[in-house]
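Novice: Fold the stuff below for me.
(one chain, ligands or ions: 3)
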Amino acid sequence: MPTTQPMLSLLLTDLYQLTMAQAYWKSGRGEKEAVFQMFFRRHPFDGGFTVACGLQTLMDVLTQARFDDSDVDYLATLTGQDGQALFDADFLATLRDFRLTCDIDAIPEGTIVFPFEPLVRVTGPLVQAQLLETIILNIINFQTLIATKAARICIAAQGEPVIEFGLRRAQGPDGGLSASRAAYVGGCVATSNVLAGKVYGIPVRGTHAHSWVMSFDDEREAFRTYAETLPNNCVFLVDTYDTLEGVRRAIEVGHWLREQGHEMVGIRLDSGDLAYLSIEARKLLDAAGFPDAMIVASNDLDETIINSLKQQGACINVWGVGTKLVTGYDQPTLGGVYKLTALRDRGADDWRYCIKLSEQAVKISTPGIHQVRRYSVDGELVADAIYDVRSNLGSGCVVIDPLDPTRRKRIPPEATYEDLLVPVFRQGVRVYEPPPLDASRHRAQSSLARLSPGLKRFVNPHIYPVGLEQSLYDLKMQLVLQARGSNGQTTRP
Ligand SMILES: Nc1ncnc2c1ncn2[C@@H]1O[C@H](COP(=O)(O)OP(=O)(O)OP(=O)(O)O)[C@@H](O)[C@H]1O
Ligand SMILES: O=P(O)(O)OC[C@H]1O[C@H](OP(=O)(O)OP(=O)(O)O)[C@H](O)[C@@H]1O
Ligand SMILES: O=C(O)c1cccnc1
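Specialist: Ligands and ions are numbered 1, 2, ... in the order given. Presented below is the predicted three-dimensional model:
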């Protein structure tokens with residue numbers, strides 16, 4: 001079964017990546033070795049956790065990263081302000097021969113991640129590492145956002161199945177396809193999106209629409225005809241006219257189906273007071289001998305409404321969630337960024353660690369080449385340390401909140417740990433086989449199960465301790481002071 005994204009051209013980028021690429025190349029800087037890291041600064045939806053997603057899609061795109069003849073021919077038509085060609089013919093020739101040679105490290109999909117942790121780290125020729133910025137951000141930002149939204153919705157559903165119904169109101173065809181993938185990693189059990197089923201192997205499920213009922217003069221006849229044609233897939237949408245009358249008609253057809261040797265799967269509610277109607281529908285179904293018939297609910301659901309319906313005692317077994325899941329709705333982007341953190345001449349031993357200053361402490365970048373170490377004590381997560389791969393991190397350490405250095409946590413030497421970033425490309429060659437999507441989904445679920453309830457609540461969640469390992473923090477402070485006085489020229493001491 002194919003599991004890859006349709007091939008994407010490397011022209012799916014911002015023009016400035018290509019103009020900078022030409023400038024790097026022409027000025028002889030393109031072969032400098034660079035490190036860029038992708039991270040986000042705040043959890044989406046004011047939450048306490050984020051679910052990493054999109055790595056396999058990114059890897060599939062990077063594996064076939066090329067500029068074909070038509071791409072290069074198109075670039076040759078672009079002009080600058082003076083009407084002259086923007087790109088030199090000899091630079092365009094280098095694009096024709098483009099082959100990825102970078103090393104890329106990344107955090108596997110389904111891992112729970114926190115602000116400032118690098119999700120993707122790219123090491124390689126400056127010109128290449130720069131060119132990858134837009135596609136990395138485009139893929140990882142969106143899928144991570146939607147996987148996180150799905151995880152929140154599934155937490156609200158308390159283990160009951162959530163089906164993703166979002167394609168029709170998603171952000172375009174690719175938004176819909178990527179969202180179905182990410183929603184599955186985040187915990188949904190199925191999608192209505194048939195192409196996502198084919199491409200990603202996600203289970204596909206569905207009921208029927210109001211138009212089916214409206215195309216008949218009579219609701220009972222609509223249900224009966226549906227049952228005759230699809231006796232093994234009967235979830236009747238009961239709210240076209242009068243919801244509880246609709247349930248009674250579904251029950252009548254359910255009896256007929258049973259006589260034919262089939263069982264009605266359930267009903268779907270799509271309007272009105274879903275708590276009241278589901279409770280009443282449950283009573284009717286149970287009294288009529290259909291205790292196993294499911295009640296599916298849909299209609300602008302999200303984690304807040306599902307939470308509220310649960311508190312009201314709604315008898316809903318399956319949640320169909322579309323728009324607010326696949327669009328992220330209350331937060332349209334993760335806001336992840338990709339920053340240059342180290343640079344050196346080709347073949348040189350020493351890196352120049354790069355820093356971006358800002359008036360806002362949260363936006364001062366952290367120089368270095370980072371790995372994330374997740375510590376546990378007796379199986380319980382205690383903290384994450386962002387550390388420089390060239391530091392000699394022993395057992396245990398002190399992590400410091402870069403935004404409030406008075407917040408420090410000492411990790412005891414007996415803590416066990418796991419480093420989160422794994423090598424995924426070496427010299428442009430894939431060295432990591434992404435697990436099947438089910439395994440990434442399982443990773444998300446088991447990681448979420450290990451998080452404390454305080455991190456998973458929707459209102460004022462706890463903040464998981466993540467900090468810079470002490471020597472990285474000290475180095476950052478030193479480079480900030482140095483950069484303030486020396487225009488950003490910094491060399492690792
Ligand atoms: N008991 C409930 N508690 C909280 N929210 C609910 C409850 N029942 C339904 N909702 C939500 O309230 C919103 C009601 O939507 P809306 O105003 O469109 O009403 P409607 O009855 O669905 O009308 P329509 O027939 O136009 O779809 C939806 O987001 C729905 O999920
Ligand atoms: O509300 P969402 O979370 O986005 O879930 C998907 C919605 O899409 C359908 O409605 P639509 O009005 O498009 O079609 P219908 O006539 O079949 O109800 C479905 O009935 C849900 O209400
Ligand atoms: O199958 C369904 O019930 C469905 C599919 C897409 C959108 N809304 C509902």
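Novice: so who does the closest residue to ligand 1 within the stretch 1-150 of the chain touch?
Specialist: The stretch 1-150 of the chain approaches ligand 1 most closely through Lys149 (15.6 Å), counting by C-beta to the nearest ligand atom. To be clear about C-beta, it is placed using only N, CA and C from the backbone, and glycine gets the same treatment. Going by C-beta atoms under 8 Å, 6 or more residues apart in numbering, Lys149 touches Pro44, Phe45, Ala183, Gly186, Glu303, Lys324, Leu325, Gly328, Tyr329.
Novice: backbone phi and psi for the last one, please?
Specialist: Backbone dihedrals for Tyr329, given as degrees, to the nearest 10, come out at phi 50, psi -70.
Novice: Next one: it from Asp302, what distance?
Specialist: Between Tyr329 and Asp302 the computed distance is 7 Å (C-beta to C-beta, to the nearest Å).
Novice: go on, the fourth one?
Specialist: Going from Gly186 to Asp302 by C-beta to C-beta gives 13 Å.
Novice: Compare those two (neighbour count), which wins?
Specialist: More neighbours surround Gly186 than the other of Gly186 and Asp302, with 32 against 18 (other C-beta atoms under 10 Å).
Novice: Run a quick neighbour tally on the closest residue to Arg249 other than its chain neighbours.
Specialist: Using C-beta to C-beta, 6 or more residues apart in numbering and skipping residues adjacent in sequence, the residue nearest Arg249 is Arg220, 4.5 Å away. Applying other C-beta under 10 Å, we find 17 residues neighbouring Arg220.
Novice: who touches Arg220 in this structure?
Specialist: Arg249, Glu252, Val253 are the contacts of Arg220 under C-beta under 8 Å, 6+ apart.
Novice: Take the residues you listed and lay them out in JSON lines including neighbour count, pLDDT and secondary structure.
Specialist: Listed next are the contacts of Arg220 as JSON lines, based on neighbours: other C-beta atoms under 10 Å; pLDDT from 0 to 100; DSSP: H, G, I helix; E, B strand; the rest coil:
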{"residue": "Arg249", "neighbour count": "22", "pLDDT": "98", "secondary structure": "helix"}
{"residue": "Glu252", "neighbour count": "13", "pLDDT": "98", "secondary structure": "helix"}
{"residue": "Val253", "neighbour count": "22", "pLDDT": "98", "secondary structure": "helix"}
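Novice: so which of those comes closest to ligand 1?
Specialist: Arg249 (18.5 Å).
Novice: so the closest one touches Phe223, yeah?
Specialist: Yes - Arg249 lies in contact with Phe223 (C-beta atoms under 8 Å); the separation is 5.8 Å.
Novice: what touches both of these two?
Specialist: Common neighbours of Arg249 and Phe223 (criterion: C-beta under 8 Å, 6+ apart): Phe236.
Novice: excluding its backbone neighbours, what's nearest Asp69?
Specialist: Arg96 (7.2 Å).
Novice: Val72 is in contact with the one you found, correct?
Specialist: Yes - under the criterion of C-beta under 8 Å, Arg96 makes contact with Val72 at 5.2 Å.
Novice: Now Val318. Its backbone dihedrals?
Specialist: phi -140, psi 140.
Novice: can you pull the contacts of it?
Specialist: Glu160, Pro161, Val162, Ile163, Gly266, Met294, Ile295, Val296, Ala297 are the contacts of Val318 under C-beta under 8 Å, 6+ apart.
Novice: of all these, which two lie farthest apart?
Specialist: Farthest pair in the contacts of Val318 (C-beta to C-beta) is Val162 and Gly266. Separation: 15.2 Å.
Novice: So these two - more neighbours on which side?
Specialist: Val162 (26 against 22).
Novice: How about the contacts made by the residue nearest to Gly166 when sequence neighbours are not counted?
Specialist: Distances taken as C-beta to C-beta, 6+ apart place Val326 nearest to Gly166, at 3.0 Å, with adjacent residues excluded. Going by C-beta under 8 Å, 6+ apart, Val326 touches Ile146, Glu164, Gly166, Leu167, Arg169, Ala170, Gln171, Gly175, Gly176, Ala179, Ser180, Ala183.
Novice: What helix or strand is whichever residue of the stretch 1-150 of the chain sits closest to ligand 2 located in?
Specialist: Nearest residue of the stretch 1-150 of the chain to ligand 2: Lys149, at 11.9 Å (C-beta to the nearest ligand atom). Per DSSP states H and E: Lys149 is located in helix 133-156.
Novice: Buried residues of whichever strand or helix holds Gln371, list them for me.
Specialist: Using DSSP H and E, Gln371 falls within strand 370-377. Within strand 370-377, the residues scored as buried using 16 or more other C-beta atoms under 10 Å are His370, Gln371, Val372, Arg373, Arg374, Tyr375.
Novice: ok, the residue of the stretch 251-400 of the chain found nearest ligand 2 to Ser180 distance?
Specialist: Distances between the stretch 251-400 of the chain and ligand 2 by C-beta to the nearest ligand atom are smallest at Gly322, namely 2.7 Å. Gly322 sits 11 Å away from Ser180, going by C-beta to C-beta.
Novice: Could you name every residue contacting both of those two?
Specialist: Glu164, Gly166, Leu167.
Novice: Out of those residues, give me the one that has the most neighbours.
Specialist: Glu164 (32 neighbours).
Novice: okay but it is in contact with Arg181, surely?
Specialist: No - the criterion here is C-beta under 8 Å, and Glu164 misses it with Arg181 at 9.8 Å.
Novice: What helix or strand is Glu31 located in?
Specialist: Applying DSSP H and E, one finds Glu31 in no helix or strand.
Novice: how about the residues of the stretch 301-450 of the chain near ligand 1?
Specialist: Leu301, Ile305, Ser308, Leu309, Gln312 (C-beta under 6 Å from any ligand atom).
Novice: What does the pLDDT read for the second one?
Specialist: To tie it back to what came earlier, the one meant is Ile305. What the model reports as pLDDT for Ile305 is 98.
Novice: Kindly report the same for the fourth one.
Specialist: Here the pLDDT value assigned to Leu309 is 98.
Novice: What is the neighbour count of it?
Specialist: Neighbour count of Leu309, defined by other C-beta under 10 Å: 21.
Novice: just the last one next, same as before
Specialist: Counted with other C-beta under 10 Å, the neighbours of Gln312 add up to 13.
Novice: Find the nearest non-adjacent residue to the residue nearest to the spatial centre of the chain, please.
Specialist: The centroid of the chain falls nearest to Thr144 when counting by C-alpha atoms, centre = their mean (1.6 Å). Nearest non-adjacent residue to Thr144, counting by C-beta to C-beta, 6+ apart: Cys53, 4.9 Å away.
Novice: what does the model give Ala106 for pLDDT?
Specialist: 98.
Novice: That one and Val466: what is the separation?
Specialist: Distance, Ala106 to Val466, by C-beta to C-beta: 18 Å.
Novice: of these two, who's got more company?
Specialist: Ala106 (27 against 20).
Novice: Around ligand 3, which positions in the stretch 251-400 of the chain sit nearby?
Specialist: Checking the stretch 251-400 of the chain against ligand 3 by C-beta under 6 Å from any ligand atom, the hits are Arg268, Ser298, Gly320, Gly322.
Novice: Wait, a strand at the third one?
Specialist: Yes - with DSSP: H, G, I helix; E, B strand; the rest coil as the criterion, Gly320 is part of a strand.
Novice: tell me the contacts of the residue nearest to it when sequence neighbours are not counted?
Specialist: Spatial nearest neighbour of Gly320, chain neighbours left out: Ser298 (3.6 Å); criterion: C-beta to C-beta, 6+ apart. Residues in contact with Ser298 (C-beta under 8 Å, 6+ apart) are Phe165, Arg268, Leu269, Asp270, Trp319, Gly320, Val321, Gly322.
Novice: Identify the neighbouring strands of the host helix or strand of the second one in the sheet and state each direction.
Specialist: Going back to what we said before, that points to Arg268. Element membership for Arg268, per DSSP H and E: strand 266-269. Paired neighbours of strand 266-269 in the sheet (DSSP bridges): strand 235-237 (parallel), strand 294-297 (parallel).
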